[in-house]
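Enquirer: heads up, no residue letters with this:
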Ligand SMILES: [Zn+2]
Ligand SMILES: [Zn+2]
């Protein structure tokens, strides 16, 4: 029977289950091999990410605001090896990488789970039992999959600590207008998850020929009208570090909501910065990201054209842009995420892991809103009374 097995079937003599039918052995063997390969890749991924304390062997964790990792068990400190930061700011040629669809970039297999709630591809350790999506707080079920991804070249390491994120949240809640009085004190925050979120940045030079119309207002009173004259011209200019989210999950909203991101402070990617933190894998490819960057560039170019046309009003009939010197970077930025509960309702809140800027959902105090509305109406009423009591106001 074994002779019917395909040539790639392994030696079957070590099959631990002698009762299994030989007919199924090749399939079983293949599944076995796949599982072994997956486990090996998983181990490799996490051994790249895990650093053991030299004193006690416990896992080290990157210590925000420092250039080192700290042992949670014995508190000893291990510096992150210093590397040249030139690589962090290196601009990769877009077209050179596009030909092979990013084939020239360093890629790796990363084990991640896709959240059914928000679409994030989040990394989890194979041994983790509780897999809660840090973005949407939904339990993630299913098997982790190995996904190919481009290794980020640069990272903004966390500088804001876990406690710092907590303080930023309290300050933010305290400063909200029309928020319930006791919210900063009463809001119960879950643990803050530190997550590195993937972005693309694009540079390009643009050169645009356009045809349009310049509108000039002439005349006055009833004879007032706009005279249109056909114009054409050329505008050109550079774009630097146009930021695009490399994810389709909720983390895409952090790009603007938690901006600005201090991109000049990027450091060359080292796995030590990620020790103890989660990372989201990119789900938006290099090309798709550039298309999004061009949407932004087109809007800016349209502004340049309108300014170039001048006059009182402008119309753009057609335009053609040539892009050159297109380059890109793939980076990770740090975000603290939590969900807090207030009066039995849950709200999501995120904090920029560099600047402490907060973005979140929050409750409103109906009492305060009502009081403010009454106050406004009273003020308008008084103003209305004053106006109507002025004799010449009729
Ligand atoms: Zn230790
Ligand atoms: Zn999610």
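Expert: Looks like it came in fine. In this text, all values refer to a predicted model and were calculated from it rather than measured experimentally. Ligands and ions are numbered 1, 2, ... in the order given.
Enquirer: shouldn't residue 165 be in contact with residue 192?
Expert: Yes - using C-beta atoms under 8 Å, residue 165 is in contact with residue 192, at 4.9 Å. (Each C-beta comes from the backbone N, C-alpha and C, glycine too.)
Enquirer: shared neighbours, the two?
Expert: Shared contacts of residue 165 and residue 192 (C-beta atoms under 8 Å, 6 or more residues apart in numbering): 336, 338, 351.
Enquirer: how much space between the residue in the stretch 201-350 of the chain positioned nearest to ligand 2 and residue 122?
Expert: Closest to ligand 2 within the stretch 201-350 of the chain is residue 249: 6.2 Å, counting by C-beta to the ion. With the distance defined as C-beta to C-beta, to the nearest Å, residue 249 ends up 8 Å from residue 122.
Enquirer: residue 190 now?
Expert: 16 Å.
Enquirer: more crowded one of the two?
Expert: Neighbour comparison, residue 190 and residue 122: the larger count goes to residue 122, with 24 against 15 (by other C-beta atoms under 10 Å).
Enquirer: tell me the contacts of that one?
Expert: 112, 113, 115, 133, 134, 135, 140, 195, 278, 280, 281.
Enquirer: wait, does the helix or strand hosting the first one contact ligand 2?
Expert: Assigned by DSSP states H and E, residue 112 falls within strand 107-114. No - legend: contact between strand 107-114 and ligand 2 by C-beta under 5 Å from the ion is lacking; minimum distance shown is 8.9 Å.
Enquirer: what lines up beside that strand in the sheet?
Expert: Strand pairing for strand 107-114, using DSSP bridges, gives strand 121-123 (antiparallel), strand 145-150 (antiparallel).
Enquirer: what about the strands in the stretch 101-250 of the chain?
Expert: Along the stretch 101-250 of the chain, counting by DSSP state E, counting those that start in this stretch, strands occupy 107-114, 121-123, 145-150, 154-155, 188-189, 193-218, 225-245.
Enquirer: would you indicate which residues of the first one are buried?
Expert: Spelled out, it's strand 107-114. For strand 107-114, the buried set under the neighbour-count rule, 16 or more other C-beta atoms under 10 Å, comprises 109, 110, 111, 112, 113, 114.
Enquirer: does the fifth one touch residue 146 like I think?
Expert: Spelled out, that is residue 113. No - with contact defined as C-beta under 8 Å, residue 113 does not reach residue 146; the gap is 11.1 Å.
Enquirer: residues of the stretch 1-150 of the chain that sit close to ligand 1?
Expert: Checking the stretch 1-150 of the chain against ligand 1 by C-beta under 5 Å from the ion, the hits are 53, 55, 56, 58, 71, 73, 74, 76.
Enquirer: ok, residue 280 - contacts?
Expert: Here residue 280 is in contact with 120, 121, 122, 123, 135, 195, 196, 197, 198, 247, 249, 251 (criterion: C-beta under 8 Å, 6+ apart).
Enquirer: nearest residue to residue 334 in space, please, no chain neighbours.
Expert: Counting by C-beta to C-beta, 6 or more residues apart in numbering, residue 353 is the residue found nearest to residue 334 once chain neighbours are left out, at 2.9 Å.
Enquirer: and that neighbour, what pLDDT?
Expert: Model confidence at residue 353, expressed as pLDDT, equals 97.
Enquirer: touching, it and residue 194? I think so.
Expert: Yes - when contacts are counted by C-beta under 8 Å, residue 353 is listed as touching residue 194 (6.7 Å).
Enquirer: what is in contact with these two at once?
Expert: 64, 158, 334, 335, 336.
Enquirer: out of those, which two are the most distant from each other?
Expert: 64 and 335 (12.1 Å; C-beta to C-beta).
Enquirer: out of those two, which sits in the more crowded spot?
Expert: The residue with more neighbours, out of residue 64 and residue 335, is residue 335; 26 against 22, by other C-beta under 10 Å.
Enquirer: can you tell me how far residue 377 is from residue 370?
Expert: Counting by C-beta to C-beta - residue 377 and residue 370 are separated by 11 Å.
Enquirer: ok, now residue 235?
Expert: Distance, residue 235 to residue 370, by C-beta to C-beta: 52 Å.
Enquirer: more neighbours, the two?
Expert: Applying other C-beta under 10 Å to residue 235 and residue 370 shows that residue 235 carries more neighbours, namely 20 against 11.
Enquirer: how much space between the more buried one and residue 241?
Expert: From residue 235 to residue 241 the distance is 20 Å (C-beta to C-beta).
Enquirer: check residue 317 too.
Expert: Remark: distance between residue 317 and residue 241 (C-beta to C-beta) = 31 Å.
Enquirer: so which bits of stretch 131-139 are buried?
Expert: Within stretch 131-139, the residues scored as buried using 16+ other C-beta under 10 Å are 131, 132, 133, 134, 135, 136, 137.
Enquirer: report pLDDT for the residue of the stretch 201-350 of the chain closest to ligand 2.
Expert: Per the predicted model, pLDDT is 85 at residue 249.
Enquirer: can you give me the neighbour number for the closest residue to residue 300 other than its chain neighbours?
Expert: Of all residues not flanking residue 300 in the chain, residue 239 sits nearest, at 7.4 Å (C-beta to C-beta, 6+ apart). Applying other C-beta under 10 Å, we find 19 residues neighbouring residue 239.
Enquirer: how far away is residue 258 from residue 172?
Expert: When residue 258 is compared with residue 172 (using C-beta to C-beta), they lie 12 Å apart.
Enquirer: out of those two, which sits in the busier spot?
Expert: residue 258 (23 against 19).
Enquirer: in the sheet, who's paired with the nearest residue to that one once chain neighbours are set aside?
Expert: Distances taken as C-beta to C-beta, 6+ apart place residue 352 nearest to residue 258, at 4.2 Å, with adjacent residues excluded. Taking DSSP bridges as the rule, residue 352 bridges to residue 335.
Enquirer: okay, now residue 352: neighbour count?
Expert: Counted with other C-beta under 10 Å, residue 352 comes out at 25.
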